[in-house]
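Undergrad: From the sequence below, what's the structure:
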Amino acid sequence: MGAPSPNPAPTALSLKGMVLQNKVKGKQWRKRRAALEGSRRFRSDGVSRRVRTLRRLVPNTQSMGLDGLFTETAGYIMRLQMRVEVMKAMVDVLSTSD
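TA: Predicted coordinates:
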């Protein structure tokens with residue numbers, strides 16, 4: 001009989017602990033990498049959130065693709081600017097008639 005081996009065979013309990021420990025390390029590593037490099041997943045989440053917000057702000061864009069959304073948004077901004085100019089003109093006309 002020889003001396004006991006330096007690395008005894010792992011038990012089911014120790015394997016479970018190693019798996020859980022590796023999962024925790026993996027989560028910490030992903031968070032650290034995302035903080036340092038900026039993960040694509042986090043960037044895409046930010047872009048997706050902004051696209052959803054834009055769809056809520058611009059009317060009738062729920063079923064459009066991104067190209068149509070951006071085109072419609074540009075047109076909507078131009079229409080809003082025109083409305084502001086018309087309102088400014090109305091204020092000027094109504095304020096000078098007194």
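
Undergrad: Give me the three-state assignment for residue 60.
TA: Using DSSP: H, G, I helix; E, B strand; the rest coil, the structure places residue 60 in coil.

Undergrad: Tell me which residues touch it, please.
TA: By Cβ atoms under 8 Å, 6 or more residues apart in numbering, the contact set of residue 60 is residue 72. Glycine gets a C-beta too; all of them are placed from N, C-alpha and C.

Undergrad: For residue 80, see how far away it is.
TA: Using Cβ to Cβ, to the nearest Å, we find residue 60 at a distance of 15 Å from residue 80.

Undergrad: which secondary element of the chain has the worst mean pLDDT?
TA: helix 12-37 (a mean of 65; mean pLDDT, DSSP states H and E).

Undergrad: Which elements pack onto whatever helix or strand comes next after that helix?
TA: Elements were assigned by DSSP states H and E; along the chain past helix 12-37, the next helix or strand is helix 40-57. Applying 3 or more Cβ pairs under 8 Å, 6 or more residues apart in numbering; DSSP states H and E, one finds that helix 40-57 makes contact with helix 66-96.

Undergrad: What is the helix it packs on packed up against?
TA: helix 40-57.

Undergrad: Which residues does the helix it packs on contact?
TA: 34, 61-62, 66, 69, 73.

Undergrad: Compare the residues you listed and tell me which has the most neighbours.
TA: residue 61 (19 neighbours; other Cβ atoms under 10 Å).

Undergrad: For that residue, give me its contacts.
TA: Counting by Cβ under 8 Å, 6+ apart, residue 61 has contacts 54-55, 68-69, 72-73.

Undergrad: go again using 10 Å as the cut-off
TA: 51, 54-55, 68-73, 76 (Cβ atoms under 10 Å, 6 or more residues apart in numbering).

Undergrad: Arrange these in JSON lines, one row each, with pLDDT as further columns.
TA: Below are those laid out as JSON lines (pLDDT from 0 to 100):
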{"residue": "51", "pLDDT": "93"}
{"residue": "54", "pLDDT": "95"}
{"residue": "55", "pLDDT": "95"}
{"residue": "68", "pLDDT": "95"}
{"residue": "69", "pLDDT": "95"}
{"residue": "70", "pLDDT": "96"}
{"residue": "71", "pLDDT": "96"}
{"residue": "72", "pLDDT": "96"}
{"residue": "73", "pLDDT": "96"}
{"residue": "76", "pLDDT": "96"}
